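**Student:** A predicted structure for the sequence below; I have some questions about it.
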Amino acid sequence: MSGRNEFPVKPVLDGTVALVTGASSGIGAATATGLAAQGAAVALAARRADRLEAVAAGIRGQGGTALVLECDITDERQAAGAVERTVSELGRLDTLVGNAGVMLLGPAAGAPLTEWQQMVELNVLGLLYCAHAALPHLLHAAADGPRQVADMVNISSVAGRTARSGNGVYSLTKHGVGAFSESLRQELAGRYVRVSLVEPGATATELAGHNRPEVLDSIRAQFGQRMEAEDIADAVTYIVTRPRHVAVNEILIRPTEQER
């Protein structure tokens, strides 16, 4: 035996294109990198161009293809533009990962209304704008693509299953993402556009850092063990690399020590 790999394996997503929102850091950046490693050309969408360029450079350095899309998906035109640029510059769209989101917690009484609005605008409307623009392309990919299947993966949260004190509006947005995803899954199942939901528990990302200082102190006190962004990216990659006849509808993933 020579010890060499005599049977090289073609990357599962070779020839496909993925668009990942919120790709400048955390779960989005890790997911984009993971999909690129499986052979997908990846479009990276977020507001921070410098961070996107750094993620793209890492992907290109490993021989992958990455397109940087500086945009704010809470603006309907920018969200649709990100989808259209992905298709026009990379040639198609097979996978959409709706990851962009914000988590602003704390008591409802006295909460800044702008925080509630921000969560609805990004977690719900931004995800919907991207999904609406992407659907025709995903349907086309499923009907006439290299894998004969397409994927929409929406990132929710444990809060999308269980509402807790202090997370009312965040939980509202994530419950909404779950309801939308399940309805769309049923609608598109027969057309081979798989719609999946990933619900992470405590994860070490920038998500909590956007909270007011007094709320952030409370969050730090609540959570102990945390997962890494790559743990969630692994789940997303698992979903989209399944064979055409297998659909992973939902993954709830927590740190081992997290009870709720």
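**Tutor:** Alright, I've got the coordinates.
**Student:** Find out how far stretch 112-123 is from the centre of the chain, if you would.
**Tutor:** The chain centre lies 19 Å from the centre of stretch 112-123; the measure is Cα atoms, centre = their mean, to the nearest Å.
**Student:** outside of that stretch, which residues touch it?
**Tutor:** 73-74, 100-104, 106, 169-170, 173-174, 176-177 (Cβ atoms under 8 Å, 6 or more residues apart in numbering). For every residue, glycine as well, the C-beta is placed using N, CA and C.
**Student:** Take stretch 161-180, keep the C-alpha atoms, and write them as CSV.
**Tutor:** Presented in CSV, the C-alpha positions along stretch 161-180 are these (Å, rounded to 0.1, in the frame of the first residue of the first chain):
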residue,chain,number,x,y,z
ARG,A,161,-38.9,27.1,21.7
THR,A,162,-39.1,28.4,25.2
ALA,A,163,-39.8,32.0,26.3
ARG,A,164,-38.1,33.1,29.5
SER,A,165,-38.3,36.2,31.6
GLY,A,166,-36.4,39.0,30.0
ASN,A,167,-36.3,37.6,26.4
GLY,A,168,-39.9,38.3,25.3
VAL,A,169,-39.3,40.1,22.1
TYR,A,170,-36.3,38.1,21.1
SER,A,171,-38.3,34.9,21.8
LEU,A,172,-41.2,36.4,19.7
THR,A,173,-38.9,36.9,16.7
LYS,A,174,-37.4,33.4,17.0
HIS,A,175,-40.7,31.7,17.4
GLY,A,176,-41.7,33.5,14.2
VAL,A,177,-38.7,32.2,12.4
GLY,A,178,-39.6,28.7,13.4
ALA,A,179,-43.3,29.0,12.3
PHE,A,180,-42.3,30.5,8.9
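**Student:** Could you tell me the average pLDDT over that stretch, please?
**Tutor:** Summarised as a single mean, pLDDT over stretch 161-180 is 95.
**Student:** Can you list the buried residues in it?
**Tutor:** 166-178, 180 (16 or more other Cβ atoms under 10 Å).
**Student:** circling back to that earlier point, quick check, nearest of the contacts of stretch 112-123 to residue 82?
**Tutor:** residue 73 (6.8 Å; Cβ to Cβ).
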